[in-house]
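# Just a sequence and a predicted model for now, questions to come.
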Amino acid sequence: MVLQGRKITVGITGGITAYKAAEIVSWLKASGAELQIAMTASACQLITPLTMKVLSGHPVATDIMDTSANWHAPHIDLADCELYLLLPATANIMAKAAHGIADEVVSASLLANHAPVFCAPAMNTYMYENPATQHNMAILQERGWQMIEPDSSGLSGSPIRKGQLADIDTIKQAIVGFFANASKLAGKKVIVSAGPTYEFIDSVSFIGTRGSGKMGYALAEAAAREGAEVVLVAGPVSLNDPPGITVKHVVSASEMQDAILDEYDDADIVIMSAAVADYRPAKVADHKLKKGPENQCLEVVLTPDILAGLGKQKGSRFLAGFAAETDNLEQYAQGKLKEKNLDLVLANNVLEDGAGFDVDTNIITAIYGDKIERFPKMSKKKAAKEIIDLIVKLLG
Ligand code: PMT
């Protein structure tokens, strides 16, 4: 889960172990990383760009002048990542990177890159041990490049010397370790609620709320990407359970409350994005009610206000609620912040185009303390990341 949605660029250069990049790339893809691949001309002779395209699910940059629809400017697009993995790294690419040469797409993207670089050198032992290579590596390390040390090995009978690409598991561990350490919510337990609740009238009919669960699921995934242990309490939705997240499926408000309270003791953060029904029928018939005369009254009673209840036993937890409003957005949301004893309210006007229920986008106003932060319309996934980043900031 720690690699889910992580933007990683893989630069492949012309070492004989270029074929091993295929295994790493397919593992990264299977782990949910978003990949961009750049290959030098010599790498393309050792493994085809088509192979890497199929494995990464993304067009491969081989030409810095590629002006096709795939790229805006390949070397700049490639630099937009959270980690740049250079694998295998030849002596040549390290020499170019150390001295700012940008004469093809991999070296140019490294020059434009400002994300951390993990570099897995692989070359002939004498090339590796050459003072020029060692000097270039020292320059790059000085600039913060992380070298994934080559293995020391020798063909049978020959002396053990360094230069062979590090073991694949070592490379995988380095990548996972990087993202696990960079995870802003490592060690935190986060409860997220999502979707609607249904309050049954009889075995067939219910009153309930709208809600696809998209906002809550995106929040759960964004929290998990930051290394949190996430429990997602979901009302009736038709979304797939996200991998690596504990999902508790519930139907009614009181089931949602029970599921959340079960997890609350050791929780650090709760984000209530579920649209919880405010009322439930006073009685639930155990059989299907027969159609009767017009204008019947249904007696309803309040459901538990889950979030207000959590606010009463808040302790040191961080509580975030949503406010679904149709008017006076900020004023009502500020009221909820105080009344429910929250740290953060995320208000959305559910009548606004591209916001609220069912759609893939949202327009969020974050309210905390006496601050109001207005976000523009963006995908729920992006909004979820912004919200998690804000929570991390507020947690200090
Ligand atoms: O699921 P989607 O289709 O992606 O839609 C997302 C969303 C519109 C449902 C979401 O962005 C949202 O606004 N969720 C909150 C909906 C809501 O119930 O708002 P409210 O203003 O009525 O409630 C305020 C807060 O109290 C909410 O955090 C709510 O979860 C909580 N609440 C409400 C009632 C209740 N009985 N118990 C609660 O805990």
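That came in fine, so what should we check first?
# Show me how far the helix or strand of the chain with the lowest mean pLDDT is from its chain's centre.
Every helix and strand of the chain was ranked by mean pLDDT, DSSP states H and E. The lowest is strand 151-153, at a mean of 81. Distance of strand 151-153 from the chain centroid (C-alpha atoms, centre = their mean, to the nearest Å) equals 35 Å.
# Provide the strand pairings for it, with the direction of each partner.
strand 161-164 (antiparallel) (DSSP bridges).
# Could you point out the helix or strand that follows the partner strand?
The first helix or strand that comes after strand 161-164 along the chain, using DSSP states H and E, is helix 168-182.
# helices or strands up against that following helix?
Helices and strands touching helix 168-182, by 3 or more C-beta pairs under 8 Å, 6 or more residues apart in numbering; DSSP states H and E, are helix 20-30, strand 83-89, strand 117-121. Quick note: C-beta positions are derived from backbone N, CA and C, even for glycine.
# nearest to the ligand, of those?
Proximity to the ligand (C-beta to the nearest ligand atom) singles out helix 20-30 among the helices and strands packed on helix 168-182, at 26.9 Å.
# about what we covered before: would you mind finding the most buried of the helices and strands packed on helix 168-182?
Counting by mean count of other C-beta atoms under 10 Å, strand 83-89 has the highest mean neighbour count of the helices and strands packed on helix 168-182, with a mean of 27.
# So what angle separates the directions of it and strand 117-121?
Counting by axes from the mean of the first three to the mean of the last three C-alpha atoms, to 10 degrees, strand 83-89 lies at 10 degrees to strand 117-121.
# tell me what strand 83-89 is packed against?
Short answer (3+ C-beta pairs under 8 Å, 6+ apart): strand 83-89 packs on strand 7-12, helix 20-30, helix 105-112, strand 117-121, helix 168-182.
# mean confidence score for it?
Averaged over strand 83-89, pLDDT sits at 97.
# Quick check: what element follows it along the chain?
helix 91-98.
# Check the offset of that next one from the chain's centre.
On the basis of C-alpha atoms, centre = their mean, helix 91-98 sits 32 Å off its chain's mean C-alpha point.
# now swap in stretch 63-77 and tell me
Using C-alpha atoms, centre = their mean, the offset of stretch 63-77 from its chain centre is 25 Å.
# cool, stretch 136-155 as well?
For stretch 136-155 - counting by C-alpha atoms, centre = their mean - the centre lies 29 Å from the chain centre.
# How about residue 299: what's its closest non-neighbour residue?
With sequence-adjacent residues excluded and distances taken as C-beta to C-beta, 6 or more residues apart in numbering, residue 299 is closest to residue 282, at 4.1 Å.
# From the ligand, how far off is the one you found?
According to C-beta to the nearest ligand atom, to the nearest Å, residue 282 and the ligand sit 16 Å apart.
# now the helices for the protein?
Here the chain has its helices, by DSSP state H, at 20-30, 41-46, 49-56, 74-78, 91-98, 105-112, 125-129, 131-142, 168-182, 214-225, 253-264, 306-312, 329-339, 380-395.
# What are the contacting residues of the last one?
This points to helix 380-395. With C-beta atoms under 8 Å, 6 or more residues apart in numbering as the test, helix 380-395 has contacts from 5, 184-185, 214-215, 218-219, 221-223, 226, 269, 271, 318, 320, 343-344, 346, 360-362, 364, 366, 368, 373, 375, 378.
# Among those residues, which are located in strands?
Residues of the contacts of helix 380-395 located in strands (DSSP state E): 269, 271, 318, 320, 344, 346, 361-362, 366, 368, 373, 378.
# Greatest separation within those: which pair is it?
The span of the ones in strands among the contacts of helix 380-395, defined through C-beta to C-beta, is set by 318 and 361 at 25.4 Å.
# Contact partners for the residue nearest to residue 299?
Contacts for residue 282 (C-beta under 8 Å, 6+ apart) come out as 299-301.
# Tell me the most packed of these, by neighbour count.
For the contacts of residue 282, the largest number of neighbours (other C-beta atoms under 10 Å) sits with residue 300, at 15 neighbours.
# The closest residue to it other than its chain neighbours bridge partners, please.
In this structure, residue 300 finds its nearest non-sequential neighbour in residue 279, 4.0 Å apart by C-beta to C-beta, 6+ apart. Taking DSSP bridges as the rule, residue 279 bridges to residue 302.
# Could you do residue 365 as well?
For residue 365, the beta-bridge partners are residue 347, residue 374 (DSSP bridges).
# contacting residues around it?
Taking C-beta under 8 Å, 6+ apart as the test, what residue 365 contacts is 329-330, 333, 346-348, 372-375.
# cool, and residue 39?
Counting by C-beta under 8 Å, 6+ apart, residue 39 touches 11-13, 47, 49, 52, 60-62, 105-106.
# 7 Å instead, please
By C-beta atoms under 7 Å, 6 or more residues apart in numbering, the contact set of residue 39 is 12, 49, 52, 60, 62.
# how about the residues of the stretch 201-350 of the chain near the ligand?
Residues of the stretch 201-350 of the chain lying near the ligand by C-beta under 6 Å from any ligand atom: 211-216, 253, 272-276, 278, 303, 305-307, 321-324, 336, 348, 350.
# Any figure for the gap between the nearest residue to residue 366 once chain neighbours are set aside and the ligand?
Excluding its sequence neighbours, the residue lying closest to residue 366 (C-beta to C-beta, 6+ apart) is residue 373, at 4.3 Å. Shown here: residue 373 relative to the ligand, a distance of 16 Å by C-beta to the nearest ligand atom.
# I appreciate the help and will end here.
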